[in-house]
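Chemist: Got a sequence here, can you build the structure:
(one chain, ligands or ions: 2)
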Amino acid sequence: MLCLGIESTAHTFGAGIVDENAEVLGNQIKVYSPPSGGIHPREAANHHCEVAIDTIMAALGEASISLNEIDLIAFSQGPGLGPCLRTGATVARTLALANKKPIIGVNHCIAHLEIGRGTTECTDPVLLYVSGGNTQVIAFANSRYRVFGETLDTGIGNFLDKFAREIGLPFPGGPKIEEIAKKGKELLELPYSVKGMDVSFSGMLTAALALLRKGASTEDLCYSMQEHAFAMLVEVTERAMAHVGKDEVLLGGGVARNRRLQEMVRKMAEERGARMFIPEPDLCVDNGAMIAYLGILMYNSGVRHEISQTNIRQRFRTDEVDVTWR
Ligand code: ATP
Ligand code: FE2
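Modeler: Residues are numbered from 1 along each chain as shown. Ligands and ions are numbered 1, 2, ... in the order given. Model prediction:
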């Protein structure tokens, strides 16, 4: 069975084609980069509109198949930015109706977890999902995917991107901060905010910008922000693993590409006798393949969506999903 998955929750428009074994036949993304400032939902949606057809055609070309050979259309139903989600949903509905294919709307956060289960050796992991807009610790418990910890304000990626913008670096700032951090020498003191199982980053951003104005070096600041922020994430992930009694940790989201974060999570896992898993870089960031794979899992477990059930869900919560495939 082949599924075409469409992703459009935020900056990325993605089209991916996978089969039921999570083999990725095609996976293409186009990322909207705001000319200045943060993301404007409507402008990102316009971008997605412009690149949609070409991105889908490129994914089909990469897979060497035609649209007729697709058995199912899946799309990101939420959570995400309304105008962006609506663009992807409209494209998915149009393709499904015009080609008489079934359609399924999927939860974006759970797609990050399932592509990890499908393409790595993990079977029942705690997911540390770290992207621009999302920072969540998710695990399967009592027949649902539950959020054990999350950010109380901005996502870790947005936090890094905002700091990067302040020091004149273009979006996405996370990878550049990772490079600059390697040159840091002194660990500067920054707020470490873990509240129960949750984290927060806005206080650290304010403090880092204040230190910058006082003349702290960007190298030391980038290094110190990473050390503090990642330690917070490792702490809540470890606590969730202990709480639910799981010995696998999976990374997902764009920030999961950060080598320093990987190193810190790996060390925590090893100390607990647990294992860490990271999907391929192209499957860590927002992409259509993960949406397609979750679509197949849902479809094969009996889920069917009528067009009238494919409305977008901006605040779609991870624990709202009835997990019929596990
Ligand atoms: P979502 O809708 O899931 O919130 P997103 O639009 O943020 O997704 P992703 O592709 O998952 O998209 O992640 C992009 C984020 O990842 C950006 O904030 C970027 O700065 C960050 N990022 C990418 N690579 C790295 C890295 N090596 N280190 C730190 N951050 C990184
Ligand atoms: Fe994501």
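Chemist: measure Tyr129 to ligand 2 for me?
Modeler: Tyr129 sits 7 Å away from ligand 2, going by C-beta to the ion, to the nearest Å. For glycine as for every other residue, the C-beta is placed from the backbone atoms N, C-alpha and C.
Chemist: With Glu114 instead?
Modeler: 13 Å.
Chemist: State whether that residue is indeed within a strand.
Modeler: No. Assigned with DSSP: H, G, I helix; E, B strand; the rest coil, Glu114 falls outside any strand and is helix.
Chemist: got the contact list for it?
Modeler: Residues in contact with Glu114 (C-beta atoms under 8 Å, 6 or more residues apart in numbering) are 290, 293-294, 297.
Chemist: right, and out of these, which lies closest to ligand 2?
Modeler: Met290 (8.4 Å; C-beta to the ion).
Chemist: What confidence value was assigned to the residue nearest to the closest one when sequence neighbours are not counted?
Modeler: The spatial neighbour of Met290 that comes closest, neighbours along the chain excluded (C-beta to C-beta, 6 or more residues apart in numbering), is Ile115 at 3.7 Å. Confidence per residue is given as pLDDT, and for Ile115 that number is 98.
Chemist: List the buried residues of stretch 265-274.
Modeler: The neighbour-count criterion (16 or more other C-beta atoms under 10 Å) identifies 265-266, 268-269, 274 as the buried residues of stretch 265-274.
Chemist: Can you tell me which of those residues is closest to ligand 2?
Modeler: The nearest member of the buried residues of stretch 265-274 to ligand 2, counting by C-beta to the ion, is Val265 at 17.6 Å.
Chemist: Report the buried residues of the helix or strand where Thr87 lies.
Modeler: When secondary structure is defined using DSSP states H and E, the element that contains Thr87 is helix 82-99. Of the residues in helix 82-99, those buried under the neighbour-count criterion (16+ other C-beta under 10 Å) are 83-93, 95-96.
Chemist: next one: the longest helix anywhere in the chain to chain centre, how far?
Modeler: Counting residues, the longest helix in the chain under DSSP state H turns out to be helix 218-244. The gap between where helix 218-244 is centred and where its chain is centred comes out at 17 Å by C-alpha atoms, centre = their mean, to the nearest Å.
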